[in-house]
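Enquirer: need a structure here:
(chains A, B and C)
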Amino acid sequence: MSAYTYTHPVLGEEIEAISGHYSLEKEASLPFRGRQVWYYTGYSVVDTSCCGPGGCGFAFVVGYILSLKHAQDTTGADISDIEPIMSDEDKQELRKLLKAQAHVQQVNFWAPQTAGFQP
Amino acid sequence: MVGIVSYGGYIPKRRLNRMSVIQEMGWYIPALMMVANGERAMCNWDEDSITMAVASARDCMAGFGKSSIDGLFFATTTPPFSDRQNAGVVATALNLKEDILTADFTSSQKAGTTALVAGLESLKSGDKKQVLVAASDHRKTRSASFYELWFGDGSASLLLGSDNVIAEYKGSFSMSLDFVDHYRGSSNEFDYTWEERWIRDEGYAKIIPQAINGLLKKSGLSIKDIAKVVYPCFISREHKGIAKKIGASKEQVLDNMHEETGETGAAHPLVLLASALEQSKPGDKIIVASFGQGSDALLFEVTPNITKLAPRNGIKGSLAVRKEEPSYAKFLKFNELINAETGIRAEAATQTALTTLWRNRKMILGFVGGRCTQCGTVQFPKTNVCVNPKCNAFHTQEDYEFSDKEAKVMSFTGDYLAVAVEPPVIYGMVQFEGGGRTLLDFTDCDLESVQVGHTVKLTFRKKYYDKERGFTGYFWKATIK
Amino acid sequence: MSTGIKDKVAIIGMGCTKFGERWDAGAEDLMVEAFEEAIADAGIEKNQIQAAWLSDCFEEIHLGKSALPLSMTLRLPNIPATRVENFCASGTEAFRGAVYAVASGAYDIALALGVEKLKDIGYGGLPNSGSNSGSLNWLWMPNLTAPGAFAQLATAYAAKYKYSIDDLKRVLAHVSVKSHANGALNPKAHLRTPITEDQAISSPMVAHPLGLYDCCGVSDGAAAAIVTTPEIAKRLGKKDLVTVKALQLALSNGEEVQYNEWDSTYFVSTTKASAVAYKEAGIKDPRKELSMMELHDCFSITELITYEDMGISPRGKAPKDVLDGFYDLRGGGVPAQVDGGLKCFGHPIGASGLRMLYEMYLQLHGRADQRQLKDPKLGLTHNLGGFPFMNVVSIAIVGKEGV
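Expert: Numbering: from 1, shown residues only, chains lettered A, B, ... in the order given. Alright, predicted model coming up:
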C-alpha cells in the first residue's frame, strides 16, 4: 500500500451544502493493529435536504499515519503522509471500535482515487 | 378421530435481556432483580398480536393446502381492533377462502384453550373439516413492573382436523370462575393486579390442579399415564409447586419458558403445547391447561403421524432465530412507553380509505398479485393491463400468491431521512423466484446484514398506525432468510 | 405527419428570482418578482399576454389549487390560465403548455410561470404527504425518501461496471465540485460556496453511498418565460432569437419496478426522451452539437447516469468524462450545471425547469457574466421527477434561430 498526501481540514469549520452542513470537531489517533490511525469526529445536520431532516455524529478515518503534519501547503493547511484503510475487514473493525469509543453513528473512510483508475 | 394435524410457532426475533431493565430501573425497584434472569421476547415496532398470529399460522400451514380450512379462530387479549374482527384480518392475510367461519376469542388468558376446545368440538360434530386456531398476545406493561419482566410476546397456531391427525383429542374439562387476579378495563392500557400471594395460593395453586384433576377423572386416567403436562404460571416457583400438587414429576412438566420468552398471554398454553408436541413420540399423552377466570384442560394422545410431519420452525426453531436487544430504551420506544420526539414531519395525514382497502384486500393483506394468462408474466400488483411490454394485454390476470415465494435482493438502501421508529429505514427492490418484482420495506435486519443477492422471505407486518383514528395498517415486508 | 416544435416558437423574455430560503417572500411575491423581470425583458405590455400556464408541485402548502393565484396575483386580464403539475418536470410542463399554445396558432403571446414556496411548513425538506400520497400507494409503498431511492442506483451502477464505491465516490465528488464552482459565479444561486473534493469526500452519508454533497436541497423561488412566434418576435424588434428546438416528456409505465428486466443502472424514461428530443431538434451527435446542459442533478449519481442516458458519454464511461473535465465550465466539452444546478442554484420544484431555461437563455444571449460560455448555440435542459424506477422526465432543447 502506497503513501498518500493528506491535507488536513480546519477543525470546527462549518462546511455548508445545500442539504445541510457538517463540521469536523476533533482529531485524534487510535492504536490499531500495532499502528496509529488518524481520525476526525464531527457532526452533520441534514436540515434542508429535499426529503426530510437528519443528521448524525460521525467519524472520518483518514488512515494510518506515516508522517504526521510534516509540512504545510500554500494555504497554510497541515499535510501528512498517510496510508488509507482499504481492507473491508479493517474498516469493519474500526467501525465497531469507533462507534463504541466515540459514540458516533457513522464511520466513514478517506480513500484516494485508485491509481490508474480507468473507467 | 379429530385432533391436531399440525402446529406452528412464532416468537419475535428480538429478546430483551432482562438485566437491561435492572440496569436502567433497578435503582427504582430493586426487587425486580428476583425475576430478572434470562430474556423476554419482544415485538419489533411493526409487530402486534395479528402479525404474530399470521406468522405462526403460516408456519403451521406449511405443506398443507388452504382449501380444507373452513374455520379460523384467533385468540388474544390484545386485539388491535375492539370492533373489526381481528380473525378476519388474519384470514385475509393467510388468503383463506371467504366462505368460512372466523371468530375472535378474547378477554381472558384462557382464550387460547377455549378457542382450541371450540375448534375441536366443531370438528367432532362433523360440520367442519379443518379449523385453524391461532393464538398470540402482545401485552403492554408499565415500565419497571414485575409484569414487564414476566410477560413476553409470542404466538402459536394449531391446525385441527380429522385426517392425518398427529395428536388425537381425547376430551377436555373446563372451570369457569370469576377469579380476578388481574383485569384490564376496556378503556385502560395496563392490567390492574391484586396481591401476588393471593393469586398464587388461591388462584394458580387451586384452579389449575382442579381443572387437570377434573380432566383426569373424566378420562379415567391418572397423572402417571400422562407423558407431558403443560400449563402457564409466570411465578416460576409456583409453576413447580403446581406440578407437585397434581403429582407430576419434573420430567412430566414443561418449564414455563420464563428464561426464553416470558409468558405469552393467551397464547402461552398453545406455545407450551406446540413445544410439547415437538418433544413427544407416538403414544404420548399430553395435557394442556390454561389459567384465566378459571381454566380449560385438554387431553391429547400423540399418533404415529407425528413422525411424518414435515419439519417446521415451531417453538424451537423460532427460539433459535434470535437477536439480543440490549437497549431497554428501544423496548420502551417500541411499546410507546416513552414519549419520544417525532418532529413535525411525522404529523402527516394517516387516514385509511376503507373503500380502497376493501377493493384491494387481497393485494394489501394477502400479497396476492397477478399472472397474465396470455403471456405468463407474474407481476405485483395485479392490474388491468399486463406489465410485459410485449404483451400489455387487458384483463388477463389471474390471482397469484406471492407470500410464500422467496425473493432476491436486487438493490437496497438504509434511509436515515425517512420518518422511522427505528432508523435507518431499510427498503429495496426484490425479485421473486418465478418472476415478479417490487419494492418492499425490510424488517428484522441490520443494514450491515443486507447484501444484493441475499434471499429474503416475506413477513406480514404493521405498516402504519393511525393514532388519531386508532387504525392499524398492515402490509408485507422482506426479511433476510 | 407531425413536424415537431423546432423553430416554431421563440422566447422573448425571461425572469428568475434569487433562489434560497426566502423568508421575506411568499409564493405571490416570488411570482411577481420573476414576472417583472420577464415582462421587462420582453418589452411588452402585460395585456399583450393572451394565455398563461402556472406550474407548482406542492400547491397545498402555498398557493392552493387552480391557476387563480396566478391570474389574481398578476391581475391578468381575464385570459385563459392553467395550472400544471408533473413532479419536478412541472416547470417544463408550464413552458410546454405556453409553447404549444403559440405553435398551434391559438395565441400570439403566452406566459409560463413556475413557483414553489417550501419554507412555510415548519420543517426542512418537502412536505410529507402521508396518506395523501394516493389512497392505495399509502397502503403498501415503502416510505421512500429520494436519497434512499437514488442511492440504490449508485450501488447498482458501481456493481455493474465494477467500480469500487470509493472510486465512484471520487467521481461523484468531482461532479459536485464542478457544480459548486459554477454556482459560486452566480449571484442568483441559493448556495455560492466552492468546495474541494476532500470536503465532499469527508462529508457524512445521507443514504449510503450518497453523502451530504451528493444530495440537493429545497429552495423558494420562481421563474418565468414569455413566448411567441419568431415572426411576431421579429415584428417586436427582437434580434438573435432564441427558439425552441425540442420539447419532450417520457413517463415510466411500471416496467422498471414491476417487470423483470431493468437493472437499476440507467433511467428508462431519460433514455427514451433524449432520443426523441434529438430527433425533433435535428441533432445527430449531441456530444459535439450541444453547447451546454442543465441536468436534473437531484443527486450526483443522477447527473452521472444522465450523461449516459443523454447519449453523451458511452454506457459505463461517464466517470471518465467527469474526471477528464468534459462537463466542467471550461473543460472544452459540454459544460453541465452551468448555473450551479439544483445543488447550488437551488430547487423550487415547480420553478426548476424554467430556471434551467433561464440560464440557457442568458447564455445564448451572452448575458451570463462570469459564467458566459464562448458562442453557445444549443442548450439542453432536463428534469426528472419521482424515483429511478418510476419517474417523469422532461427534456427541452433551445438554441439560436437557424442552428
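
Enquirer: would residue C:98 count as being in a helix?
Expert: Yes. Secondary structure assignment places residue C:98 in a helix (DSSP: H, G, I helix; E, B strand; the rest coil).

Enquirer: Could you check how far residue C:275 is from residue C:217?
Expert: 31 Å (CB to CB, to the nearest Å). C-betas here are computed from N, CA, C, even on glycine.

Enquirer: so where is the stretch 101-250 of chain C shaky, pLDDT-wise?
Expert: For the stretch 101-250 of chain C, no stretch is flagged by pLDDT under 70.

Enquirer: Tell me the residue of it that sits nearest chain B?
Expert: Of the stretch 101-250 of chain C, the residue with the smallest distance to chain B, taken as CB to the nearest CB, is residue C:130 at 2.9 Å.

Enquirer: residue boundaries of the helices in chain A?
Expert: With helices called from DSSP state H, chain A shows them at A:88-102.

Enquirer: The residue of the stretch 101-250 of chain C closest to chain B against residue B:345, yeah?
Expert: No. Contact between residue C:130 and residue B:345 fails when scored by CB atoms under 8 Å: they sit 9.8 Å apart.

Enquirer: between these two, which one's more packed in?
Expert: Between residue C:130 and residue B:345, residue B:345 has the larger neighbour count (other CB atoms under 10 Å in any protein chain shown), namely 21 against 18.

Enquirer: pretty sure that one is in a strand, no?
Expert: No. According to three-state DSSP, residue B:345 belongs to no strand; its state is helix.

Enquirer: Please, where are all the strands along chain A?
Expert: Using DSSP state E, the strands of chain A run over residues A:4-7, A:14-17, A:20-32, A:35-46, A:54-72, A:78-83, A:106-109.

Enquirer: Turn the ones you listed into CSV, columns for mean pLDDT.
Expert: Listed next are those as CSV, based on pLDDT from 0 to 100:
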stretch, mean pLDDT
strand A:4-7, 95
strand A:14-17, 93
strand A:20-32, 95
strand A:35-46, 95
strand A:54-72, 94
strand A:78-83, 96
strand A:106-109, 94
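
Enquirer: How about the residues of the stretch 351-481 of chain B by chain A?
Expert: If contact is defined as CB under 8 Å from any CB of the partner chain, the residues of the stretch 351-481 of chain B in contact with chain A are B:416-419.

Enquirer: who in chain A is up against chain C?
Expert: Those residues of chain A that sit near chain C, judged by CB under 8 Å from any CB, are A:7, A:9, A:15-22, A:24, A:40, A:42, A:44, A:46-54, A:56, A:58, A:60, A:106, A:108-114, A:117-119.

Enquirer: and with 7 Å instead?
Expert: A:7, A:9, A:15-20, A:22, A:24, A:44, A:46-54, A:56, A:58, A:60, A:106, A:108, A:110-111, A:113-114, A:117, A:119 (CB under 7 Å from any CB of the partner chain).

Enquirer: Contacting chain B as well, which ones from those?
Expert: A:46, A:49, A:51-54, A:56.

Enquirer: which two in those are spaced the farthest apart?
Expert: A:51 and A:56 (15.4 Å; CB to CB).

Enquirer: and the two? which has more neighbours close in?
Expert: Between residue A:51 and residue A:56, residue A:51 has the larger neighbour count (other CB under 10 Å), namely 29 against 18.

Enquirer: Residue C:175 versus the more buried one, what's the distance?
Expert: Residue A:51 is 19 Å from residue C:175, where distance means CB to CB.

Enquirer: for residue 108, what are its contacts?
Expert: You didn't pick a chain, so chain A it is. Contacts of residue A:108 were listed using CB atoms under 7 Å, 6 or more residues apart in numbering or on different chains, and they are A:58, A:60, C:204-205.

Enquirer: should've been chain C
Expert: Contacts of residue C:108 by CB under 7 Å, 6+ apart are C:50, C:102, C:228, C:232.
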